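A.B. asks: Here is my input; please provide its structure:
(chains A and B)
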Amino acid sequence: MTKRLLTAALLLSVSVIPAFAAKTSLVVGMPIEPPGLDPTVAAPVAIREVTWVNLYEGLVRIDRTGKVQPLLAKSWEVSPDGMTYTFHLQEGVKFHDGSTFDSADVKFAFDRARDPKSTNAQKQIFAPITAIETPDPATVVIKLKETSGNFLYYLGWGDAVIVAPETAAGNAANPVGTGPFKFKSWTRGDRVELVRNADYWQKDKTKLDSVTFRFINDAQAQVAALKAGDVDAFPNLGAPELFAEFQKDARFKAVAGNTEGEIVAGMNNAKKPFDDVRVRRALMHAVDRKALVEGAYSGFGQPIGSFFSPNNPAFVDTTKVIPYDVEKAKALLKEAGYGNGLSITIKSPQMAYASRSAELLSAMMAEVGVDLKIVPTEFPAKWIEEVFKNKDYDVTIVAHTEPLDIDIFARDSYYFNYKNDTFKAAVAEAARTTDEKARYAKYAEAQKILAEDVPALFLFQLPKLGVWNAKVQGLWENSPIPSNDVTEVSWSE
Amino acid sequence: MSRRARIPLNPALVVGAILTALLIVTALVSLVWTPEVPTRVRVALRLKAPGEVGLLGTDHFGRDVASLLMVGAWNSLAIAWPAVLLGAAIGTAIGCAAAAWKGLADEIAMRVSDVVFAFPAVLSAIMIGALVGSGPLAAILAIAVFNVPVFARVTRGVALQVWTLDYIAAARAIGKHPLRITWEDVIPNIAGALIVQVTIQLALAILTEAGLSYLGLGVRPPNPSWGRMLSDAQTYLSQAPHLAIAPGIAIALSVLGLNLLGDGLRDALDPTLKGRGATA
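C.D. replies: This next block holds a predicted model:
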C-alpha cells in the first residue's frame, strides 16, 4: 500500500513538474505488428523487435556492434575440442511471474526449441546439440556432436532466449521472460505496452519506466506521428524519401545505419521455369540493381550479388557475377525456350520497399520480354501462409533481416524450394569451422555458389533509417541483429 | 433535325460536355498514342519537374506523368462505365418491377435497396475483393453493387409517376401486360431521368475507383491509375508536389465535368423545367 502511495506521489510530482524531470517513458514506432510475442516459435522480425533483450533474455546477447556479450550466463568455458560448452549462470534471476531462473529452465527452453515438433525458426542453432546437462542449478553443460563456429553467436539470437516451463505455452499472447521490462498489455492493431520489471536482476540497468511499441504501417503516418510527438522514435522509417527532411530538422536525430537485411526476390526453384538455372540467371541479368536502389529506396542501400551482409567480415562482393545485361538475359531466355516471352507473377507484400521494387522489377523484366505480373499480398500473415508455408508462388520479395542466415538456402523445406548439395556442404563446413580465416573462406565460397546459381534475385541491402527525438539517447544506429533494444535508452534533460 | 427537337443548351451543359469530351478523347487517344511508354522506368530521370522532362514531369520511377495520366483516364473509364451500366441495368429492372407490381414486391425491393445502399462502396469492394480477389473485376462489381439501389430508387420514383398517367390506365384497361407497358410506355418516359443519373453516377464511380486504387483495391500496378498515382505521390509531397497535383486535378475535372453534364442534361430534359431554359 505504501508502495502504491509512493508511486502515486511520484507520478503526481512528475506530472506537476514535467519540465524539470527527464521523461521515463518511450514510444517506439514499428511498421509491422508482430503476430505473437514469442520469438522462439516463429520467424517474423517484428517479434524480436519488441521482445529481444527487453522482455526475454538469452544466455548471451549480441551488442550494438555485433559482438557476443554475457547475459544470463555470466561466463563459460569451451572444451579444447570445441565440443563441450559449460555455462555458469547468473544467480538470483527471476522470471516476471516470480519463479526462479536456473539451469533447468535453460534445458527446458533448448529442448523445447530443438524438439521435432517445435516451430522454432532457426533450428540450426540447436542442431549440433546432443545433450544438455544440469549438474547444479547454476551450471549448464551443452555437448555438441560437431564443432560449431557460430554456436555462441547464435545463442545470442531471439530464437534462443530462455523461457520457463510454467509459462512457455502462453508466451505468444502473455510473454514471461527475465528481461528488464515485463508485459503490460497488447492492443491488437495498435500497440504493445511494457513496464519496468522492478525485480530485474541487474538493478538500475534501465532508466525507462515504460516502453510502448506502436504499429504504424503507412510512411506518411509514421512521419506525422514523429512530428506530432506521438512517437518518440522510429528506428526503421518506412519512407527513405522522407528521411532527408529529418536530417535537416534539429528536433530530430536522423541516422542512416546498416541492417543485416538482404532484400531478395525469392523464386520457387522447384517450379517451372525456375527449375532452369538459365531462366534464373536471365532474370538476374535483367535487373539493374543500382537503378532499383535509386527508385525503390532513394539511393540508400548497397546492391548485393549474393545473400550476405556487407557488414560481415566474410562478405565478398558478388554483384559482378551476373551483372545487368539485357542482351544476355534475352539470349539465355531464348536458349531456355522462352524466346517468345514468359509470363510469371510476383507476390509482393505491402511494405514500400517491396511493392516499389516489384514495380521496378516488373518494368525491368518487360525489357527482356518477361511479363512479371504483380499480385499484392499482406505481410506477415498472408505471406507466411501462401508463400512461406504453402510455397504457392512464382516469385516473391521480402527482406531477410536475420544476420548470418545464408544457410536458409541450404534448407530443403524453406520457401525457395532450393536444393544444391555443393552449397549445403560449403555452408555446413563453414558452420563447423572454428578457425576464423578458414570459416570466412568457406562462407565466401558459399556466397559465390549462390551468386552463380541465383536461387533468388539478389537485390540490395536494407539500410536502417532511424529517426528519433534529439533528446533520446542510447538507441542503436545499426542493427547487427533485428531488435529495438531499449535497455540503455534515456532522455536527456 | 428540327430546331425544336434539339436539346436546349445551358452553360452547365456546355462546360460539362466539353470536360467530359476531353476525358473521353484523352482516354481514347491513350490507346493509340502517349508521349512516352507509360510503364517505362527511367530512374536517372526520377522526380523531374513539369516541363523539365515531359509536359507534367516524371514520378519516383522516372515514368512520364502525362502518359500515366492519359492511360489512367482510360483505366478510370474502363472501370466506371461497365460498373455504372451494370448497376443501372439491374437497378432499373428492379425499379420498374417495383413500380409495375407495387405491394409486397415493391416493399421488399426497396428495403433490400436500403440495406445495400447502407454499405459504402469501399466496404463492399473489400468484401468482394476477398471473394474474387482484389483487382479491376472486384472494383467493377463493387461499384456496380452500390449503383443498383440508386437506380432502383430513381427508376421506381419516376416510373410510379408514369404509371398514374391516363394513357397507361387505358393501356391496362385493354389488358396490356405490365411488362409490355413498362417496355413500350414507361421506359421511354423515364429515359431522360436515367441518363442524368448515369452521368452523375459515372462521376461518383470515377471518384470511387480512384479511392479503391488508392487503397490498392483497384487497377493493379504497374497499370496506371489516378488513385494509385495519388497514393504513390503522398510520401513525395514535399519533394515533388506535381505528382499529387496532376492526378488530383484530373480527378477533379472529370468529376466536375460529369456532374455539370448531369445537371445540364437534367435542366434540359426535365419536362417540368421546359421553357425556362433558353432554346438555341
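A.B. asks: drop to CA atoms for contacts and neighbour counts, all remaining ones
C.D. replies: Fine.
A.B. asks: and residue B:216, helix, strand or coil?
C.D. replies: Here residue B:216 is recorded as coil under DSSP: H, G, I helix; E, B strand; the rest coil.
A.B. asks: Once you drop chain neighbours, what's closest to it?
C.D. replies: Nearest in space to residue B:216, with sequence neighbours left out and distances taken as CA to CA, 6 or more residues apart in numbering or on different chains, is residue B:228 at 7.1 Å.
A.B. asks: quick one, what contacts that neighbour?
C.D. replies: B:210, B:213, B:214, B:215, B:216 (CA atoms under 8 Å, 6 or more residues apart in numbering or on different chains).
A.B. asks: Equivalent analysis for residue A:82, please.
C.D. replies: A:147, A:148, A:434.
A.B. asks: re earlier: format the contacts of residue B:228 as TSV; extra columns: pLDDT and neighbour count.
C.D. replies: Output for the contacts of residue B:228, formatted as TSV (pLDDT from 0 to 100; neighbours: other CA atoms under 10 Å in any protein chain shown):
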residue	pLDDT	neighbour count
B:210	88	27
B:213	86	26
B:214	84	19
B:215	81	14
B:216	78	18
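A.B. asks: which among those gets closest to chain A?
C.D. replies: residue B:216 (8.3 Å; CA to the nearest CA).
A.B. asks: now the closest one: how far from residue B:230?
C.D. replies: 11 Å (CA to CA, to the nearest Å).
A.B. asks: same check, this time on residue A:180
C.D. replies: 44 Å.
A.B. asks: So for these two, which sits in the more crowded spot?
C.D. replies: residue A:180 (28 against 21; other CA atoms under 10 Å in any protein chain shown).
A.B. asks: OK, contacts around the more buried one?
C.D. replies: Contacts of residue A:180 (CA under 8 Å, 6+ apart): A:53, A:54, A:55, A:196, A:197, A:198, A:200, A:202, A:205, A:206, A:487.
A.B. asks: Show me the two of those that sit farthest apart.
C.D. replies: A:53 and A:198 (15.7 Å; CA to CA).
A.B. asks: Report all helices and strands that the host helix or strand of residue A:428 contacts.
C.D. replies: Residue A:428 belongs to helix A:421-432 when assigned by DSSP states H and E. Other helices and strands packing on helix A:421-432, by 3 or more CA pairs under 8 Å, 6 or more residues apart in numbering or on different chains; DSSP states H and E, are helix A:436-453.
A.B. asks: who does the helix it packs on touch, helix- and strand-wise?
C.D. replies: Packed next to helix A:436-453, using 3+ CA pairs under 8 Å, 6+ apart, are helix A:277-285, helix A:421-432.
A.B. asks: 10 Å instead, please
C.D. replies: Using 3 or more CA pairs under 10 Å, 6 or more residues apart in numbering or on different chains; DSSP states H and E, the elements in contact with helix A:436-453 are helix A:277-285, helix A:421-432, strand A:456-469.
A.B. asks: Read off the pLDDT value for residue 130.
C.D. replies: If you meant another chain, say so; for now it's chain A. On the pLDDT scale, residue A:130 is placed at 96.
A.B. asks: meant chain B, my bad for not saying
C.D. replies: Taking residue B:130 on its own, its pLDDT is 76.
A.B. asks: Surely it touches residue B:138?
C.D. replies: Yes: at 8.8 Å, residue B:130 counts as touching residue B:138 under the criterion of CA atoms under 10 Å.
A.B. asks: Overlap in contacts, those two.
C.D. replies: Taking CA atoms under 10 Å, 6 or more residues apart in numbering or on different chains as the contact rule, residue B:130 and residue B:138 both touch residue B:124.
A.B. asks: Looking at these two, which is more packed in?
C.D. replies: With neighbours defined as other CA under 10 Å, residue B:130 and residue B:138 compare such that residue B:138 has more, 25 against 11.
A.B. asks: what's the burial count for the residue nearest to that one when sequence neighbours are not counted?
C.D. replies: Among residues not flanking residue B:138 along the chain, residue B:129 sits closest, at 5.2 Å (CA to CA, 6+ apart). Counted with other CA under 10 Å, residues neighbouring residue B:129 total 20.
A.B. asks: separation between residue B:203 and residue B:154?
C.D. replies: 17 Å.
A.B. asks: of those two, who's got more company?
C.D. replies: More crowded of residue B:203 and residue B:154, by other CA under 10 Å: residue B:203, with 28 against 18.
A.B. asks: which SS class is the more buried one?
C.D. replies: Criterion first, three-state DSSP; result for residue B:203: helix.
A.B. asks: if we can go back for a sec, ok, the contacts of residue A:180 vs residue A:219, which is closest?
C.D. replies: Nearest to residue A:219 among the contacts of residue A:180, with distances taken as CA to CA, is residue A:54, at 25.4 Å.
A.B. asks: Where does that closest one fall, secondary structure wise?
C.D. replies: Using DSSP H and E, no helix or strand contains residue A:54.
A.B. asks: likewise residue B:19?
C.D. replies: helix B:11-32.
A.B. asks: Return the residues of chain A in contact with chain B.
C.D. replies: By CA under 10 Å from any CA of the partner chain, the residues of chain A that approach chain B are A:218-221, A:223, A:238-242, A:245, A:290-296, A:298, A:350, A:352, A:355-356, A:358-364, A:366-367, A:372-376.
A.B. asks: Break down the stretch 151-280 of chain B into its strands, ranges please.
C.D. replies: Counting by DSSP state E, counting those that start in this stretch, the stretch 151-280 of chain B has no strands at all.
A.B. asks: Show me which residues of it sit near chain A.
C.D. replies: B:216-217, B:220-223, B:232, B:234-239.
A.B. asks: From the residues you listed, list the buried ones, please.
C.D. replies: B:216, B:217, B:220, B:221, B:222, B:232, B:235, B:236, B:237 (16 or more other CA atoms under 10 Å in any protein chain shown).
A.B. asks: that older thread, in ChimeraX, how would I select just the buried ones from the residues of chain A next to chain B?
C.D. replies: Here is the ChimeraX selection string for the buried members of these, based on 16+ other CA under 10 Å:
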select /A:218,219,220,223,238,239,240,241,242,290,291,292,293,294,295,296,298,350,352,355,356,358,359,360,361,362,363,364,366,367,372,373,374,375,376
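A.B. asks: That'll do, ta.
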